[in-house]
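Novice: Quick check, what structure comes out for this input:
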Amino acid sequence: MQSFLEYVVKGLVERPDTVLVESTERVGVTVYQLKLHPSDMGKVIGKQGNMINAIRALLQVGSAKQGLRSILEVVENDSKSEGDAGEG
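Specialist: Predicted coordinates for the structure are as follows:
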């Protein structure tokens, strides 16, 4: 499911090289943390959260087919160390 999330999100954003998906296990639930560039947050969340809700729904359906439970958290990536400090 992690590679699926990366594929979907990288297709939506302008900076696919900054997209990072990390997974952790919490009480029987796989938690995927989606880290991306601050300028791409709006594209992934979408108007009224429609895009992120659709991505979460696909994740839940795919996980359920495998007999798993999972959730998706969106985290703003601190990409100042990647040379973005000069952009205005």
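
Novice: Regarding this structure, what is its longest helix?
Specialist: Counting residues, the longest helix found in the chain (DSSP state H) is helix 50-65.

Novice: Let me see the residues that make contact with it.
Specialist: With contact meaning Cβ atoms under 8 Å, 6 or more residues apart in numbering, helix 50-65 is reached by 1, 4-5, 8-9, 12, 30, 32, 43-46, 69-72, 74. (Each C-beta comes from the backbone N, C-alpha and C, glycine too.)

Novice: the strands in the chain, which residues?
Specialist: Remark: strands assigned in the chain by DSSP state E are 20-26, 29-36, 70-76.

Novice: packing partners for the last one?
Specialist: Just to be clear, that refers to strand 70-76. Contact analysis of strand 70-76 by 3 or more Cβ pairs under 8 Å, 6 or more residues apart in numbering; DSSP states H and E lists strand 29-36, helix 41-45, helix 50-65 as its packing neighbours.

Novice: Same check on the longest one?
Specialist: Counting contacts by 3+ Cβ pairs under 8 Å, 6+ apart, strand 29-36 packs against helix 2-10, strand 20-26, strand 70-76.

Novice: Kindly reformat the ones you listed as JSON lines and extend each row with mean neighbour count.
Specialist: Output for the helices and strands packed on strand 29-36, formatted as JSON lines (neighbours: other Cβ atoms under 10 Å):
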{"stretch": "helix 2-10", "mean neighbour count": "16"}
{"stretch": "strand 20-26", "mean neighbour count": "12"}
{"stretch": "strand 70-76", "mean neighbour count": "15"}
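
Novice: mind giving me CSV with those and columns for mean pLDDT and distance to H37?
Specialist: CSV is the format used below for the helices and strands packed on strand 29-36 (pLDDT from 0 to 100; distance: least, Cβ to Cβ, whole Å):
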stretch, mean pLDDT, distance to H37
helix 2-10, 92, 11
strand 20-26, 93, 10
strand 70-76, 90, 8
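
Novice: mind giving me a markdown table with these and columns for distance to Q60?
Specialist: Shown next, in a markdown table, are those (distance: least, Cβ to Cβ, whole Å):
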| stretch | distance to Q60 |
| --- | --- |
| helix 2-10 | 12 |
| strand 20-26 | 15 |
| strand 70-76 | 7 |
